[in-house]
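J.: structure of the sequence below:
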Amino acid sequence: LAEQALNTYEGRIVCHNSKYDMHVLQRNRAMQPRVWYEVDDTLLMAHVLRPTGAHGLKQLAKRLVDPHADMAQGQLDTAMERQGGTYATVPVDFPVYWAYGGLDAVYTARLWEQFVPELQARGLTSVYHLDLCVQELLTRMEERGCLTDIPYAEEQYEIFTRWCTETARWVQDNYGVSPT
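T.: Numbers count the residues shown, from 1 in each chain. Below you'll find the model as predicted:
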C-alpha cells in the first residue's frame with residue numbers, strides 16, 4: 001500500500017532529513033527514484049533559517065509546534081525496553097511506534113508550513129534550494145561513491161596548511177592573539 005501511494009503521488013514530498021529518508025525508501029524499493037526538486041527537507045530549512053541550535057525534529061517541534069513533542073520519544077523508549085526490542089526488531093503492529101511515526105509526519109508537515117513562508121519572507125529560498133542541490137549530490141556520492149584525485153587533494157591540503165600557518169602568524173603579530 002505504501003509503495004503504491006508513494007509511486008502514484010504527484011505532489012511534493014516533505015521530509016525531515018531527506019538524505020536519509022529518500023535513501024531508505026529507494027533502497028527498500030518502496031519508491032521509485034524521484035527528482036530532488038520534488039522533495040523538501042525541513043532539516044535543511046531549519047539550518048538555513050536557524051543556523052545555530054538543535055535541528056532535530058523533536059527539538060524543533062517542541063520549540064515551534066507542540067511543547068510536548070519530545071514526550072513520544074520517551075514513551076517509545078520505555079515501551080520498547082519493556083518488550084526488549086530495538087528499532088530493527090520493532091513489531092509492525094506495535095501501537096506506540098505507530099503513534100511515534102505518525103507524529104513525526106505531523107510535526108514535519110507543521111514545520112514545513114512555517115518554514116516555507118519564512119524562507120520567502122527573509123529572501124532565503126535560493127539559499128535553501130542551493131542546499132537541497134548539494135544534498136542531492138552528497139546523497140548520490142554516498143550511494144555510488146566518487147572518484148578522488150589524491151595528488152590534487154594532497155597539494156590543496158599543503159596549500160591550505162601553509163595558509164593557516166601564515167594566517168595564525170599574522171594574527172599573532174598584528175593582534176597579539178594566538179588562534180590555536
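J.: how about the helices in this structure?
T.: 2-8, 18-27, 42-49, 57-64, 71-83, 95-121, 125-144, 150-175 (DSSP state H).
J.: any idea which of these gets closest to residue 36?
T.: helix 125-144 (4.1 Å; Cβ to Cβ). Just so you know, the C-beta spots here come from the backbone N, C-alpha and C atoms, and that holds for glycine as well.
J.: elements contacting the closest one?
T.: Packing partners of helix 125-144 (3 or more Cβ pairs under 8 Å, 6 or more residues apart in numbering; DSSP states H and E): helix 18-27, strand 39-41, helix 42-49.
J.: CSV for the ones you listed, including distance to residue 10?
T.: Listed next are the helices and strands packed on helix 125-144 as CSV, based on distance: least, Cβ to Cβ, whole Å:
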stretch, distance to residue 10
helix 18-27, 16
strand 39-41, 13
helix 42-49, 20
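J.: would you turn the ones you listed into a markdown table with distance to residue 93 and mean pLDDT?
T.: Formatted as a markdown table, the helices and strands packed on helix 125-144 follow (distance: least, Cβ to Cβ, whole Å; pLDDT from 0 to 100):
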| stretch | distance to residue 93 | mean pLDDT |
| --- | --- | --- |
| helix 18-27 | 20 | 81 |
| strand 39-41 | 29 | 92 |
| helix 42-49 | 28 | 97 |
